[in-house]
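**Q** Build the 3D model from these lines:
(chains A and B)
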Amino acid sequence: DQQVKQNSPSLSVQEGRISILNCDYTNSMFDYFLWYKKYPAEGPTFLISISSIKDKNEDGRFTVFLNKSAKHLSLHIVPSQPGDSAVYFCAASALIQGAQKLVFGQGTRLTINP
Amino acid sequence: DVKVTQSSRYLVKRTGEKVFLECVQDMDHENMFWYRQDPGLGLRLIYFSYDVKMKEKGDIPEGYSVSREKKERFSLILESASTNQTSMYLCASSPLGVTSHNEQFFGPGTRLTVL
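**A** Predicted coordinates:
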């Protein structure tokens, strides 16, 4: 079963507008939620995170919102820039089998159009 | 800066060959992980290790094995490669215990094609 889901495989946004990427999860034991950004032929790089006890975390153009009752989080990018075009993975952290592990969503390909 | 390196960026192998993928990290991290990334499936954990000579199965260990003889090096082995193992393989590391947000640091990936 997929514990972390990103239901939108792709998203296209005009440069300068807001990009909103969504993620849903099923396990209430997750303690942190992270967003990773991945360019083709490169490894994922950490973007922003949020603790399960918070509802918002902001870092420059990036803001992550967490709605625990709905088991939903979202990443807002504003304003969107062409360099933001990449695949974005949502990940959830939990202590599993004695180690802090990440469970990843399927990814959303974001395309920023000039 | 944390650096995770993988031995090859691109690899082409034939069905039935034994394949070794090597990963090295330079930050003295205890935890190391191997994932594969496939379109529409995200990153799926194959194996992880939290100490030298220790290994634990992830979500999709079938057809794979691992080796961790030194703290900085974690190897993924495909004993007999099959076409359904064509994928992007990603190695990651993280320090022991809970950090500020439990980030894992990834290598650049190895694109493996099995013919």
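**Q** What pLDDT does the model give B:Val98?
**A** pLDDT for B:Val98: 59.
**Q** now what about stretch B:26-33, what contacts it?
**A** Contact with stretch B:26-33 is made by A:99-101, B:2-3, B:23, B:25, B:45, B:47-51, B:58, B:68, B:71-72, B:74, B:91-96, B:104-105, as judged by Cβ atoms under 8 Å, 6 or more residues apart in numbering or on different chains. For glycine as for every other residue, the C-beta is placed from the backbone atoms N, C-alpha and C.
**Q** ok now do the spatially most central residue of chain B, which residues does it touch?
**A** In chain B, the C-alpha nearest the mean C-alpha coordinate belongs to B:Trp34, at 2.5 Å (Cα atoms, centre = their mean). B:Trp34 makes contacts with B:21, B:23, B:45-48, B:58, B:64, B:66, B:74, B:76, B:89-91, as judged by Cβ under 8 Å, 6+ apart.
**Q** Bridge partners for it, pull those for me.
**A** B:Tyr47, B:Cys91 (DSSP bridges).
**Q** Export the least confident helix or strand in chain A by mean pLDDT to PDB, keeping only CA atoms.
**A** Lowest on mean pLDDT, DSSP states H and E among the helices and strands of chain A sits strand A:99-104, with a mean of 86. Extracted C-alpha coordinates of strand A:99-104, given in PDB (Å, rounded to 0.1, in the frame of the first residue of the first chain):
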ATOM      1  CA  ALA A  99      16.400   3.500  11.600                       C
ATOM      2  CA  GLN A 100      14.900   6.800  10.600                       C
ATOM      3  CA  LYS A 101      13.600   6.000   7.100                       C
ATOM      4  CA  LEU A 102      11.900   8.100   4.400                       C
ATOM      5  CA  VAL A 103       8.800   7.000   2.500                       C
ATOM      6  CA  PHE A 104       8.500   8.700  -0.800                       C
END
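**Q** Pairing partners for it, with directions?
**A** strand A:86-96 (antiparallel).
**Q** Any chance you could list what contacts the least confident helix or strand of chain A?
**A** Against strand A:99-104 from outside (Cβ under 8 Å, 6+ apart): A:3-4, A:27, A:30, A:34, A:36, A:89-95, B:31, B:33, B:35, B:42-45, B:48, B:50, B:56, B:94, B:97-99, B:102, B:104.
**Q** Also stretch B:56-65?
**A** Against stretch B:56-65 from outside (Cβ under 8 Å, 6+ apart): A:97-99, B:33-36, B:44-50, B:76-80, B:82, B:85.
**Q** Buried subset of these, written for ChimeraX?
**A** A single ChimeraX command suffices to select whichever of the contacts of stretch B:56-65 are buried according to 16 or more other Cβ atoms under 10 Å in any protein chain shown:
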select /A:99 /B:33,34,35,36,44,45,46,47,48,49,50,76,78,85
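**Q** still on that earlier bit, look at the residue nearest to the centre of chain B and report its pLDDT.
**A** So B:Trp34 comes in at 97 (pLDDT).
**Q** cool, the one 10 residues further on as well?
**A** We have a pLDDT of 95 for B:Arg44.
**Q** how about it, what does it touch?
**A** A:Phe104, B:Tyr35, B:Arg36, B:Gln37, B:Asp38, B:Gly58, B:Asp59, B:Ile60.
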